[in-house]
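*Asks:* sequence plus predicted model, see below.
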Amino acid sequence: MLFFWNKAELFIGYSIIEFNTTRDLLFDAKIESTYKITNHEGSRSVGTTRSRSGSNGINRDYVNLYTIYVHKDRLEEARKVLTKQR
């Protein structure tokens, strides 16, 4: 089981394609992982830049930041799996 004290970042990027490919490779190798998706656009609530000016001019390719975590003990194994497949 992954908790904040025993996980390490394996992948950080903006590409949904690379994110999905990485998760598939980890699944095939039976390496447990978790992920986090951070939206840099802001919410639609009052007071955010987007609520005042809309999304005009925002590059849609860089709105979501994808992060994949694996257990610290399996980080090197996960890196080997990724470098072998790419």
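*Replies:* Ah, there it is.
*Asks:* can you show me the strands along this structure?
*Replies:* For the chain, strands defined by DSSP state E occupy the ranges 7-13, 33-39, 64-71.
*Asks:* now those strands in a markdown table, with distance to V81, mean neighbour count and mean pLDDT?
*Replies:* (Glycine included, C-beta is placed from N, CA and C.) Listed next are those as a markdown table, based on distance: least, Cβ to Cβ, whole Å; neighbours: other Cβ atoms under 10 Å; pLDDT from 0 to 100:
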| stretch | distance to V81 | mean neighbour count | mean pLDDT |
| --- | --- | --- | --- |
| strand 7-13 | 10 | 16 | 96 |
| strand 33-39 | 11 | 12 | 93 |
| strand 64-71 | 10 | 19 | 96 |
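*Asks:* which one of the ones you listed lies nearest to F19?
*Replies:* Between F19 and these, the tightest spacing by Cβ to Cβ is seen for strand 64-71, at 4.0 Å.
*Asks:* from the chain's centroid, how far away is that closest one?
*Replies:* Relative to the chain's own centre, strand 64-71 is displaced by 3 Å; criterion: Cα atoms, centre = their mean, to the nearest Å.
*Asks:* what of stretch 24-31?
*Replies:* Centre-to-centre, stretch 24-31 and its host chain are 15 Å apart (Cα atoms, centre = their mean).
*Asks:* outside of it, which residues touch it?
*Replies:* 10, 33, 68, 70, 74, 77-78, 81-82, 85 (Cβ atoms under 8 Å, 6 or more residues apart in numbering).
*Asks:* for Y69, give me its contacts.
*Replies:* By Cβ under 8 Å, 6+ apart, the contact set of Y69 is 2, 7-10, 33-36.
*Asks:* let me have those in TSV, extended by distance to I17.
*Replies:* Converted to TSV, the contacts of Y69 look like this (distance: Cβ to Cβ, whole Å):
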residue	distance to I17
L2	24
K7	23
A8	23
E9	19
L10	16
S33	17
T34	20
Y35	14
K36	18
